[in-house]
Structures are given as C-alpha cells and as structure tokens.
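J.: Please work out how this folds:
(one chain, ligands or ions: 2)
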Amino acid sequence: MVRSSVLGYPRIGADREWKKALEAFWAGKLEESEFQLQLQEIRLNHLRKQQEKGIDLIPVNDFSYYDHILDTAAMFGIIPQRFAFEGGAVPLSVYYGVARGTKDAAASEMTKWFNTNYHYIVPELSGASPVITENKPLAAYREAKEKLGIQGKPVIVGPFTFLKLSKGYSASEFDTWLHKLLPLYVQILQELAAEGVEWVQIDEPILVTALSDTDIERLKTIYATFANSVPNLNIVLQTYFEAVDRYADIISLPVKGIGLDFVHGLNGNLQSLKAFGFPADKVLGAGVIDGRGIWKASLREKLALLEELTQHVSAEQLLIQTSCSLLHVPVTTARETKLAPELQGALAYADEKLDELALITKAVSSGTAGIAADLDECDRALQDLQQSAARNRSDVQAAVAELRVQQPERSRPFAERHAAQQAKWQLPLFPTTTIGSFPQSAEVRKARQLWRKGEWSHDHYAAFIREQIDLWIKLQEEIGLDVLVHGEFERTDMVEFFGEKLAGFAFTQNGWVQSYGSRCVKPPVIYGDVAFTGEMTVEETKYAQTLTSRPVKGMLTGPITIMNWSFVRDDVAREQIAYQLAYALRQEVEALEQAGIGMIQVDEPAVREGLPLKEEEQAGYLEWAVKAFRIATCTVQETTQIHTHMCYCEFHDMIDSIEAMDADVISIETSRSHGELIHSFELNTYKLGIGLGVYDIHSPRVPGVEEMTSMIERALRVLDPKLFWINPDCGLKTRGLEETVASLRNMVEATHIARATHAACV
Ligand code: GLN
Ligand code: ZN
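T.: Numbering: from 1, shown residues only. Ligands and ions are numbered 1, 2, ... in the order given. Reported below is the predicted structural model:
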C-alpha cells in the first residue's frame, strides 16, 4: 500500500497562537499549567488536521516549546553549567533560560538551520554528562494515541547530526561523545518499540553535506547499533534540503527506510537512484512536495516524477512525503483574502500541501481517474499565474537578457576612483559614518501606524519624517560624524520597504513562519518579474542633503538580500531574480546620483546565508551574487562612492568575493567574529575602503572610548590606514536616542585619538 507521510508541521498555529502563548508565559501573564494546556491544544489541533486530511504517517515530537535541537539537548540533560541545572526533568525556567538567557547566565548561541531562515539553539557539550531526562518522543506518541487514536511517527534528531551541530568539544572527541549518546538513543528507541511504535523518523539532514570515510564508518556504527538493539522498530533515516552525499553508502545502512528530498535535491538524488538503484527491502521516503516553498505543486509533474521513481522501487516501497518539515512554510492560505486571484490560486501553505500529499497518494494507489478534476484545477491555477502580466514583463526580461552577457564594471579601477573621490570629498583620515538607521522610537512607530490606518494624511506623515531627519542631521553634525545618513525613519523593514515599491512583489496577510523562538517573520513574495516603478528613496535622502554641507549617504537594500529574505517564484532560476532586482536597484542608484547624492550604500547582509549547501555549487552562487551587486552599482560616475554593508555572518571564507563586489567602501560587523575576520585580513590583503564595526549595537550599553580605541588599533594592524573607516557594527534602529548619541560621541573621540596616533604614518 502506498502511504503518505509528513516530516513535521508548523508550530506557530494559524493565528500565531503558539507565539502568543509563549510570550504571555514569559511575561508572567500565563500560569504554567494554563500555558501547558494551551500548547497541548495547539499540538492536538495540528495532529487532528493531519488526521482529517488522511495522512498515513503523522509526525509526533515535531512540536516544540521553542526549538527541536534545544529539545534534544534538554532530553539528554545537556544544559550548560551556568544554568545550575540539577538533574531530573528540565524545568521550563531552565529550558527558556538556555534559549533566551537569564539575569545571571547568557543564552546559548543561536544559528541558522542549514540554508533556511530558521534558527536553532546550539547545544553546548562541554562539561555535560548526558542522561535521559525525559523520553519526549514517547510522551508525544502516547498523547497522540490516547487523545486522538493516532498511531504517530515519532521524529527524533539523529545522533550524527546532533553532534555535528553541537559545540564545546574538539574534533578528536567526536567518537567519545557519540559513545556517550548512543546508549541513550538506544534506550529511547527501545522504550518506543516496547510501546508498540511502528515507525520512527530519525532526521539526519547533515548527510546532505560532504561526508568523509570516517563519517560513513560512524554512521554504520550508529545504525548497526540501532538495528541490533531495536530490531522491530522501523527507522526511516531522513535527509533533506539537498541531495544526500555518499548515496551508495547511505542506502546500505541497516535501516528500514531512507528519506530523500526530491525537490531541493532532485537532480542529485534522481541521478544516484538511477546509477545505484535502491534496495528492495527498504522503503523510499520520496520527498516530492516542497516543504520550503509556498507554491502549489504541479500534481501532474509530481505524478510523473513518482512514476519515474517506481521504475526503481515498487509502489509498495514508497512513502509519499513532504521534502522536509513544513516548519518552513506558513499554515494556511485560507486566511489570505487580499491577494490577486492568480496569485492566491497558485499558493499552497502547510495545510494545502497536506491536501496535495493526500491527492497524489490516492492517485498513485488507485489511478488518476478519481482526481481528474483536481488535476485540471491545479493545471489551470498554475497556468493563470504563469500567463499573468506580472510574470511576463518583456521589457524587464529583455533588459536582463542583455545584462547577463555583459561584464558589469565601474568605468575606472578602484585606485583611480579612490584618488578622484578623495579629491572630491576631502574626507579626513579614518572617516566616520553609521550604517543607516537611527532609533525607531515609539513615536516613529506610532506615526507610521496612524498613517497606515489612514488617520494621518500622507503629507502629515511626510512632515513628521522630515522632522526626524532634521533632528538627526543636526545630531550627527554635532557629534562630528563625517558621512551622514537620513536615518531610515520611513522604513519598517529593509526588504519590505523596497518590495512595496517595486513591481513583482506581493505581501501576504498571514504568511508567517518561525524564524527563532517565538519570533515569526512574514517574508514578501516575489511572484512576478521585478521592475522599478519609480523613485523609492530619493525624496528623503535629497531632503537630508539640503540640511547639511557634509555628504549624506543614500541607503538601499541589495538584490541578494531582498531575494534571500523573500519567498521567491520557482519557475525561474534565483540568478535571474537577482539580476531583475539588480536592474531595478540600478535605476534607483542612478536616480539618487541624478539628485545629487554622491555616496550610495547598497546593503548586502544576507549574501552569506544564500550559500548553497553543496560546496561545488558555492563558487557559482558567489559569482552571480557578486555580479548582481555590480549590475546594481556599476553605472555611476567615478567620483560617486559606492558603499556596502554586511553583518552577522562568518565572512572570513569569502573575502575574495566581497572584494570582487568592488564597492568603494564596505562596513562590516566584527564584534561577534572579530578574531577570525581580523585573521583573514592577515592572510589576504583587502584593497578597498573598509570599516570594521568598532562596537556592537545589540545592547544598550555605551561602549567606552578605550574599548573602541583598542578595536581600531587591532584592525589597523592588518588594514591599510588610508582605506580605513570607523563605524558601528550595524544599523541603530533598535537603540534609544541617548545611548546612541553617547556611543557615537565616544566613537568620534576614539577616532580623534586614532588620527593623532596615526597621522604621521600616512
Ligand atoms: N541600513 C540598514 C540599517 O542600518 C542595515 C541593516 C542590516 O544590516 N541588517 O538598519
Ligand atoms: Zn547590519
């Protein structure tokens, strides 16, 4: 019998009720018992939905109170010592302490889950003695069975992935740790088997990254141990986000099933399947419904794909699955009421994906006759979007086709531009600037609300924004900064602001996805060809420039960042979308220049996170990402200074690409990765203008002059003083006015000291 299987369901709820419950509990507005009840209700609701849609293998233990990696660590009692955890079940106060910090102990680090925008809490192994604090998957299984009669499929993060994502041990200790954890995993699995669990999903997404021979040996040990200790339990070894590495080795592991991603790893997995076949005694978890995109699947294409798969495995061997957990998509399109019909019709969030799974499973087992109407309707919906005017802008497509074959280049090389810019701008040694945004006070947010609700006219709101600009231009002059900014008061979000002004974007009402903890984001949707429709930032920037004789830097979000922080269409390559965005932004860059703005910053904080998981694809991505940035910025005059900004990522392994962007000046965050970044500049010289952030903007603390002086001195040991700028780590929109002014005053003072120290040497 062909079965459908889901790998995980979103936690947040259709109304983000999960988020609301967590935040109410943290704020002390919800008793723990009531909180537990609310979360249980949400959890059961999600199971019920899957049951009603007829999903055969419904995941349990995919639900979390914060994050599933933190859950796994807590299940094994891996709690950093600073939280004074004394054993037994992990109390919520400790659990949330690790995630969010307490007044006595800093939170654990959080980082991105593979190439998604979901963040997990990094387990800290040092000093831990793993024990089972609670068999969480068992509790989840029992709950589903008792309350709903569901024979759930517990989901567990595999030991190999768990250890690879943990920190606090050295590479040589990997096996020691593995041998500490293995018996605990075995006990968890044995208890599940004893309870009558049939299927367990063990997630090992790390298997899509490069694996060594040693890794393969470790995997053999792990899964042989499980096979020997719990022979009756059917384990599906689940991978996702890319094609599995070392396919032949992985499919030979002694498990009952292997789950592969046939959406994001389609080509690689299909090739391997054809080349190496698939064992007749195993189940193939065929991830054909995209767990990360928001688009309806072409049911016909999916059926054709499954047909192709059944040339290598029998239909009975198939589990028809989502490509990964549905955690990465919003809950239901039923709440979207304001989208263009051709867009609305082509969307599928988590609940609609359940329907898709049910439909294709039905078709595979009993033929397409029963779903003929559904197939037609699906074709029609996808065709409507495909043929929409928004997706067929011949002007944009022709312009981009032309750009693709060109080599976008500034008219002169950096050395010459630098001389021309120095002559024009006459900036002092170590020019000071900021990253763009200034505090978005309660007043600013209130004003925007009033304007959005229509209580304030556009003119009223625009006048308010001008007042903010007046205030901050004055403040910046007083503080003594050299290159000023207007402050970005008119923007809530650096991607949304541009998306709202460009063609090809849509904004959903309820397209929320979990980013980290209770924080949800609602990414814009790029559904059509992206096009410039008119000036976006000129008015405010130009106004700011009228107030001062110092240069005001224009402020744009770069093409790659806009793309990486949006849901994008899947009918064209990401490269193509990036070029369309770049072409649109180029028109804004040119408009700013025309309006007399001589310095323009194009922020690209999200370049690093778009890096493909497969090493062999990374160079190609970086190449077109760099090209997109250059398309956006290359047409200005030599005296126009292009800035860029990057933050909160490990950039040390991509310095060459950053240099290839050919921005005249980059400002880059360093407080979190100072050592590594500085080190990489020892190895490679950086030949363009650069400002390494001299203070972290994440805390209200006002850093002292000496602290910043030492940051500056450390940076100057490896960077050319003639090209060095001084700035904070990132934008200041989350800070308060007073601390911002005080910090910037100290920064300027530290700059004066550095100028006095270094004046003689340059
Ligand atoms: N210009 C933006 C700001 O200052 C940059 C934000 C970012 O890098 N994330 O807010
Ligand atoms: Zn930043």
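
J.: For the one residue in the stretch 251-400 of the chain that gets nearest to ligand 1, the count of nearby residues, please.
T.: At 21.2 Å from ligand 1, His328 is the closest residue in the stretch 251-400 of the chain, using CB to the nearest ligand atom. Where C-beta positions appear, they are placed from N, C-alpha and C, glycine not excepted. Applying other CB atoms under 10 Å, we find 24 residues neighbouring His328.

J.: quick one, phi/psi of Lys153?
T.: Backbone geometry at Lys153, expressed as degrees, to the nearest 10, gives phi -110, psi 100.

J.: Pull up the gap between it and Asp351, please.
T.: 19 Å (CB to CB, to the nearest Å).

J.: More neighbours: these two, which one.
T.: Just comparing Lys153 and Asp351: by other CB under 10 Å the higher neighbour count belongs to Lys153, 27 against 21.

J.: Bridged to that one, which residues?
T.: Pro59 (DSSP bridges).

J.: how much space between it and Leu47?
T.: Distance from Lys153 to Leu47, counting by CB to CB: 11 Å.

J.: Are there residues contacting both of the two? Which ones?
T.: Common contact partners of Lys153 and Leu47 (CB atoms under 8 Å, 6 or more residues apart in numbering): Ile58, Val60.

J.: element containing Ser699?
T.: In this assignment (DSSP states H and E), Ser699 forms part of neither any helix nor any strand.

J.: correction: Val602
T.: Using DSSP H and E, Val602 falls in strand 599-603.

J.: how about that strand against ligand 2, any contact?
T.: No. Using CB under 5 Å from the ion, strand 599-603 stays clear of ligand 2, with a minimum separation of 6.9 Å.

J.: Leaving out sequence neighbours, find the closest residue to Leu148.
T.: Spatial nearest neighbour of Leu148, excluding adjacent residues (CB to CB, 6 or more residues apart in numbering): Leu47 at 5.7 Å.

J.: Could you pull up the contacting residues of the one you found?
T.: Ile58, Val60, Ala144, Leu148, Ile150, Gly152.

J.: So for the one helix or strand it maps to, what gets flagged as buried?
T.: Using DSSP H and E, Leu47 sits within helix 32-52. Using 16 or more other CB atoms under 10 Å as the test for burial, helix 32-52 gives Phe35, Gln38, Leu39, Ile42, Arg43, Leu44, His46, Leu47, Lys49, Gln50, Gln51.

J.: Same check on stretch 312-331?
T.: Neighbour-count burial for stretch 312-331 [16+ other CB under 10 Å]: 313, 317-331.

J.: do stretch 606-626 as well
T.: So for stretch 606-626, counting by 16+ other CB under 10 Å, buried means 606-614, 618, 621-622, 624-626.

J.: Need the residues that contact that stretch.
T.: 112, 114-115, 117, 208-210, 241-243, 268, 558, 560-561, 563-565, 574-575, 578-579, 646, 649-651, 654, 657, 660-661.

J.: ends of that stretch, how far apart?
T.: 12 Å (CA to CA, to the nearest Å).

J.: Same question for stretch 287-306.
T.: 10 Å.

J.: If we ignore the residues flanking it in sequence, what's nearest Gln545?
T.: In space, Gln545 is closest to Val552, 4.4 Å off (CB to CB, 6+ apart).

J.: Just to check, that neighbour is in contact with Ile597?
T.: Yes. Counting by CB atoms under 8 Å, Val552 sits close enough to Ile597 to count as a contact (6.7 Å).

J.: Give the intersection of the neighbour lists for these two.
T.: What both Val552 and Ile597 touch, as defined by CB under 8 Å, 6+ apart, is the set Thr541, Gln545.

J.: hang on, the earlier thing: the inter-axis angle of the helix or strand that the strand holding Val602 is followed by versus strand 599-603?
T.: Counting by DSSP H and E, the next helix or strand C-terminal to strand 599-603 is helix 615-633. Helix 615-633 runs at 150 degrees relative to strand 599-603, counting by axes from the mean of the first three to the mean of the last three CA atoms, to 10 degrees.

J.: and helix 615-633, what's its mean pLDDT?
T.: Mean pLDDT, computed over helix 615-633, is 97.

J.: what's the spacing between it and its chain's center?
T.: 18 Å (CA atoms, centre = their mean, to the nearest Å).

J.: Which element is encountered next along the chain beyond that helix?
T.: Following helix 615-633 in sequence, per DSSP H and E, is strand 641-646.

J.: so what does the helix or strand following that next one touch, helix or strand wise?
T.: Downstream of strand 641-646, the first helix or strand assigned by DSSP H and E is helix 655-660. If you count contacts as 3 or more CB pairs under 8 Å, 6 or more residues apart in numbering; DSSP states H and E, helix 655-660 packs onto helix 615-633.

J.: Taking strand 641-646 as reference, get the angle to the helix it packs on.
T.: 140 degrees.

J.: list the contacts for the nearest residue to Glu409 once chain neighbours are set aside?
T.: Closest residue to Glu409 apart from its sequence neighbours, by CB to CB, 6+ apart: Cys634 at 5.7 Å. Residues near Cys634 by CB under 8 Å, 6+ apart: Pro408, Glu409, Arg410, Arg586, Asp662.

J.: could you redo the last one with a cut-off of 7 Å?
T.: Neighbouring residues of Cys634 by CB atoms under 7 Å, 6 or more residues apart in numbering: Pro408, Glu409, Arg410.
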